[in-house]
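**Q** sequence and predicted structure below; questions after.
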Amino acid sequence: MKLNFLKFLPVALTGLIIGINAQAQESTGEKPSFKTWSIGINGGALTGVSPLGGQNDFSNWKPSLGYGLYIKKQISPAFALRLDGVKGKVKGDNSEAYKDGSINTSPIASYDTDLKYSASLSAQLNMVNWSMFNQTNNAQLYALAGGGLVNYAATTVATGATTEVTGATKNKFVVPVGVGAKFRLSEGVNFDLGWTINFVDGDEFDGYARGSNDKYNYGYAGLEFALGKGKQLAFFSPTAATYQEALAAKNTANALKSDLDAQKAENAKLRTEMSDLLKDSDGDGVADKLDKCPNTPAGTVVDGSGCPLKVPAPQVTERVIVTEADRKVVKDAISNLEFDLGKATIRAKSYATLNKVAALLVEKNFSLKLAGHTDVTGSRELNLRLSKERAESVKAYLVSQGANASRIEATGYGPDQPIASNKTAEGRQQNRRVEFTLY
């Protein structure tokens, strides 16, 4: 009976792959530094007899050379997809009796099947690949199952004849099922031992249609080369990683608890020392260790050393009031103030109004700020010096008239604070000034 149910195997494998992959990603958190792609080459023996039982069409199996190549994608530490290709020949005859002593009366004496290619996609499950203590393993056992196509042509020799007859080339569905062991030689190279039984969906793989599906074996050894950077995901143990993370977290928690207990003890010691330092027996606000006059009566005002403080009598400061009349005296002085061209010499016509300002300063003990300004004509350095000299010249004149020199401030600002545009003669005239500020 044909293995029609095998045609539905790819659907089942797809569902299995999706389920395992989702679970693996959730539990292991695949890291981008892992090597997940690899290629493998192998060689070994092809035979047409299955040791697992079932009907064998020929009594004597003849191992023949086979060789293969595969590409593998490791999806999680426990699961991978593997695309295999195998070539070689499968041979057998009836030159010996079956193991039970019976004689094979087949009309076919021998066969030689040319396995042009076998291409299959398999799901590989690592059965033993985790350790409680090591995140990276050096050996693993695995099982695989999948489905694909086998392309072959069988050549047979009839019983009692010597003529070879080669049949047509055929394509049949094939299901490989196998186990293997892999050993990590380095971070990029593995040694691979494996064995697969390939179930063919047909009865003429060996050229003899006996009424049951044929099968052939492939036992091989080879090398696998991991591609990319980082460690191999296939040999990574999520169990060990989880254990070590938990152990590290526990150690961190213990260390933090020890640090916290030590800090609590240190804080208690500091609080005791602070209480001693801040102790104030007489309540005057100065700690006993700094109090040079202990036991002062309550409510006594003390200095920083805890001794009674002598409070000076309050001083009454007379408020200075500048009247409108005072401001008019100053305004008249500003309006009439003139200097010789390019010099700090005050012209005589300005003396009368300046004398009134000097009298006002003497009478009311005012303070006066003089601010000299110029236009932008000439260099800035020259204007700064000229503005300062003119302000000082006004101060010197006022002092000569009896004003207190310590109450007069003279400053020169040069062209930096214009009150009008320097682009016109009128604006430049306004900018050349000495400002008086009473206070």
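**A** Received, thanks. Residues are numbered from 1 along each chain as shown.

**Q** C-alpha from now on. contacts and neighbour counts both.
**A** Fine.

**Q** quick one: low-confidence parts of the stretch 101-250 of the chain?
**A** Applying pLDDT under 70 to the stretch 101-250 of the chain flags the ranges 128-134, 239-245.

**Q** so where do the strands sit in it?
**A** Using DSSP state E, counting those that start in this stretch, the strands found in the stretch 101-250 of the chain span residues 108-128, 139-158, 164-166, 170-184, 189-200, 215-227.

**Q** and these: which comes nearest residue 298?
**A** Taking CA to CA, strand 108-128 is the member of these nearest to residue 298, at 84.9 Å.

**Q** list the buried residues in that closest one.
**A** Buried residues in strand 108-128, counted by 16 or more other CA atoms under 10 Å: 108-115, 117-126.

**Q** can you add distance to residue 364 and give the strands of the stretch 101-250 of the chain back as TSV?
**A** TSV is the format used below for the strands of the stretch 101-250 of the chain (distance: least, CA to CA, whole Å):
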stretch	distance to residue 364
strand 108-128	106
strand 139-158	106
strand 164-166	138
strand 170-184	105
strand 189-200	104
strand 215-227	98
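
**Q** so for residue 49, which of the ones you listed sits nearest?
**A** Closest of these to residue 49 is strand 215-227, at 6.0 Å (criterion: CA to CA).

**Q** partner strands of the closest one, parallel or antiparallel?
**A** strand 37-47 (antiparallel), strand 189-200 (antiparallel) (DSSP bridges).

**Q** how far out from the middle of the chain is it?
**A** 40 Å (CA atoms, centre = their mean, to the nearest Å).

**Q** which outside residues touch it?
**A** 35-50, 66-67, 90, 187-200, 205, 232 (CA atoms under 8 Å, 6 or more residues apart in numbering).

**Q** and what of stretch 411-428?
**A** Stretch 411-428 is contacted from outside by 369-376, 380, 383-392, 430-431, using CA under 8 Å, 6+ apart.

**Q** strands - which of those residues land there?
**A** Judged by DSSP state E, the contacts of stretch 411-428 include 369, 370, 371, 372, 373 as members of strands.

**Q** could you tell me the end-to-end distance of stretch 288-302?
**A** Distance between the boundary residues of stretch 288-302 (CA to CA, to the nearest Å) amounts to 13 Å.

**Q** buried set for that stretch?
**A** Those would be 288, 291, 293, 294, 296, 302, for stretch 288-302 by 16+ other CA under 10 Å.

**Q** could you dump those into CSV and include distance to residue 179 and secondary structure?
**A** Shown next, in CSV, are these (distance: CA to CA, whole Å; DSSP: H, G, I helix; E, B strand; the rest coil):
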residue, distance to residue 179, secondary structure
288, 87, coil
291, 90, coil
293, 95, coil
294, 94, coil
296, 97, coil
302, 95, strand
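
**Q** which of the strands of the stretch 101-250 of the chain sits closest to residue 56?
**A** Comparing these by CA to CA, strand 215-227 comes nearest, at 8.7 Å.

**Q** in what helix or strand does the closest residue to residue 390 other than its chain neighbours lie?
**A** If the residues on either side of it in the chain are set aside, residue 390 comes closest to residue 344, at 4.6 Å by CA to CA, 6 or more residues apart in numbering. Under DSSP states H and E, no helix or strand contains residue 344.

**Q** same check, this time on residue 256
**A** Taking DSSP H and E as the definition, residue 256 sits inside helix 238-278.

**Q** chain center to that helix, what's the gap?
**A** Averaging C-alpha positions (CA atoms, centre = their mean) puts helix 238-278 28 Å from its chain's average.

**Q** for the helix or strand following it, give the mean pLDDT please.
**A** Sequence-wise, the next helix or strand downstream of helix 238-278 (DSSP H and E) is helix 324-336. Mean per-residue pLDDT for helix 324-336: 88.

**Q** quick check: buried residues in helix 324-336?
**A** Residues of helix 324-336 classed as buried: 326, 329, 330, 331, 332, 333, 334 (neighbour count, 16+ other CA under 10 Å).
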